[in-house]
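>>> Take a look and give me a structure for this.
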Amino acid sequence: MLLTLALRMQATRSGLSLADIQEALSISRRTAERLRDALWRVFPQMEEVPDEERTKRWRLPTGTLSRLLDCSSDQLIALQTASALLSKEGLQEQAGKLEQLRLSLLGAMRPDLLRRMEPDLEALTLAEGLALQPGPRRRLNNDILAALRHAILGMQEICIEYTARSSGKDSKQTIHPYGFLYGRKAYLVAYSPAMQDWRLWLLSNIRSAKKTGNAYQRDAAFSLQDYAARSFGVYQEEPQSVVLRFNAEAASDVLNFHFHPTQQIEQQNNGDIIVRFTAGGLSELCWHLFTWGDSVTILEPDSLLQTMRELCHSSLRNS
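Numbering: from 1, shown residues only. Reported below is the predicted structural model:
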């Protein structure tokens, strides 16, 4: 815990308060105070950072932990696996940046440590595998991704050429980009002044992205995490209370599965599992529930059950 705290204190410019330490390490305030004091004894060069709100904050000067920052073989392999996973999902730019980071870390390591680690790296590389769903992957344009990312960082309004998913029609739209959501498909989250709301744009359907030369003021109240948590998947609908019953045969899988950030799990006397959460995106939820077969029963809402019936009927008609 001391090492984790030290790394966090060196990685921040504004310093960490006692409340920050509590949250980062999930500890009590008294434990946070003891850890801070212990770290101060080990690193007397710890600095107290001035704060406009008069909250005491502390940080370690850059370079304090330079002798302690060697990476483990597990960490390097995790980066390599993450890079491979992103590449297989079509996110080539992000995969390349992770690979650059891995190579930078390798290059910064002491030669003697790297020499000792090489056998472990080779063994772990052979042991790591990726079990990915087969099927087509949409290719993303790295130049467009870079332009969008720069626009987000600079809060620059952009004009995109976009092909609509449903109609296939092309249009030009001026938007304020806020961030990305990655899942089975990758989306841009942006505010549309024309629609006066946040919308999702499929990244693979964006044909071009150019800055208009105008800046926008980011809405400080908007949270990408909260926006994503409103839905099961990415499609934004009015959240509803969802209640699912899984039979005892699927219980072990359900207990190890994360459905939604708001989920609540109830184990029944007969071994069944009740899962409750609040979300929109009922069509996406239905497609997911197909993978559970007859082990799941929809209890609420009725609209979810009706959506499932319609999807089943549609599939039968088209088969």
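>>> quick one: low-confidence ranges for this protein?
66-70, 88-90, 120-139, 165-166, 183-185, 229-237, 318-319 (pLDDT under 70).
>>> where along it do the strands fall?
47-49, 57-59, 156-163, 170-182, 186-192, 197-202, 206-215, 240-246, 264-267, 273-279, 296-300 (DSSP state E).
>>> For the first one, list every residue counted as buried.
Of the residues in strand 47-49, those scored as buried under the neighbour-count criterion (16 or more other Cβ atoms under 10 Å) are V49. Backbone N, C-alpha and C define where each C-beta goes, glycine included.
>>> who are the neighbours of it, in terms of helices and strands?
Strand 47-49 sits against strand 57-59, with contacts defined as 3 or more Cβ pairs under 8 Å, 6 or more residues apart in numbering; DSSP states H and E.
>>> Tell me how far the strand it packs on lies from the chain's centre.
Chain-centre distance of strand 57-59: 28 Å, with Cα atoms, centre = their mean, to the nearest Å.
>>> Give me the contact list for it.
9-10, 12-17, 20, 36, 40, 46-49, 51 (Cβ atoms under 8 Å, 6 or more residues apart in numbering).
>>> buried stuff in stretch 264-279?
Buried residues in stretch 264-279 (16+ other Cβ under 10 Å): 272-279.
>>> So the closest residue to M308 other than its chain neighbours versus R13, what's the distance?
Nearest residue to M308, sequence neighbours excluded (Cβ to Cβ, 6 or more residues apart in numbering): C286, at 4.7 Å. Separation of C286 from R13 (Cβ to Cβ, to the nearest Å) stands at 46 Å.
>>> next one: P44
Distance, P44 to R13, by Cβ to Cβ: 20 Å.
>>> got it, and E47?
According to Cβ to Cβ, E47 and R13 sit 11 Å apart.
>>> Also D302?
From D302 over to R13 (counting by Cβ to Cβ), the distance is 52 Å.
>>> rewinding a little: so which of the contacts of strand 57-59 is the closest to G63?
The nearest member of the contacts of strand 57-59 to G63, counting by Cβ to Cβ, is Q10 at 8.3 Å.
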